[in-house]
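> Need the 3D shape of this:
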Amino acid sequence: MTLITLNIWRGGKVLEPLKAFIKKHAKTVDIFCFQEVFDNGQVKRPSQEGNHLTSFGDITALLLDHEGYFVPAEEPDQEGLAMFAKRSIHVEKHDSFYVHESKNDETQVGRPRKLEYMQLQNKKNMLTIANLHGLYTGGGKDDTPERIMQSQKVKEFFTTTSGPKILAGDFNLTPETKSFTILAKGMRDLVAESKITCTRTPLYRNYKTSTHFADYILVSPDVHVQKFNVLQDIVSDHLPLFLEFT
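Below you'll find the predicted structure:
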């Protein structure tokens, strides 16, 4: 089975290369995990940001052999997460829950965040694949109380599931943080194992001055990794991560 995770960058700021990338991998990739997806083009981004994909529906039209699932995380943009699974794969369950909630007052930090997940039968086990876009605070990617709590909620969820587990996405964390350590406990960090030094592209506004880590794939020890790499396609300010596993 194969999986790609990618933050598509505010609905697809690098439109044509992103569309070509999705089309190129549509036949061979079983599961897609996308972050920063908008819901069915209801919200058009400001024109100065470019001609955006804007839409879960637009991506669905590029992945006709896949079943798509969209999870809005925040209002009014309806920005959220999307997962796509080949129609030949039987998804037993798809759901989501808040790992960080915020209200419109000064005591709250960052925008709401959800964990999206699907569970499917893989051989004799139930496989859980989770898609995370971690809390963005407007600053760095270091520990905050909210990020630590977010990680604890994700980890608590995984303790309720049996069988192999995969956690993928843009965590908005550096690997040395306590928040990341909580997520990675008992899991294999494929980015670290592969000695990856960057998951961002030169389109990232802080590419020359900031950390180059944001995106990860963590797998439980019972996931048999056949191949993992960071693809070098410039289709976002994030690089796509590819996993082949059994």
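
> which stretches of this structure form helices?
With DSSP state H as the criterion, the chain has helices at 15-25, 56-62, 145-159, 178-184, 190-193.

> I'd like to know which elements the third one is packed against.
In this case it means helix 145-159. If contacts are counted by 3 or more Cβ pairs under 8 Å, 6 or more residues apart in numbering; DSSP states H and E, helix 145-159 sits against strand 91-100, strand 113-122, strand 125-133, strand 165-170, helix 178-184. No exception for glycine: its C-beta is placed from N, CA and C like everyone else's.

> Now tabulate those in JSON lines and tack on mean neighbour count, mean pLDDT and distance to residue 156.
Formatted as JSON lines, the helices and strands packed on helix 145-159 follow (neighbours: other Cβ atoms under 10 Å; pLDDT from 0 to 100; distance: least, Cβ to Cβ, whole Å):
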{"stretch": "strand 91-100", "mean neighbour count": "16", "mean pLDDT": "96", "distance to residue 156": "10"}
{"stretch": "strand 113-122", "mean neighbour count": "21", "mean pLDDT": "95", "distance to residue 156": "11"}
{"stretch": "strand 125-133", "mean neighbour count": "23", "mean pLDDT": "97", "distance to residue 156": "12"}
{"stretch": "strand 165-170", "mean neighbour count": "25", "mean pLDDT": "98", "distance to residue 156": "13"}
{"stretch": "helix 178-184", "mean neighbour count": "20", "mean pLDDT": "98", "distance to residue 156": "10"}
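
> Quick one: the ones you listed as a markdown table, columns for distance to residue 57 too.
Output for the helices and strands packed on helix 145-159, formatted as a markdown table (distance: least, Cβ to Cβ, whole Å):
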| stretch | distance to residue 57 |
| --- | --- |
| strand 91-100 | 17 |
| strand 113-122 | 17 |
| strand 125-133 | 18 |
| strand 165-170 | 21 |
| helix 178-184 | 31 |
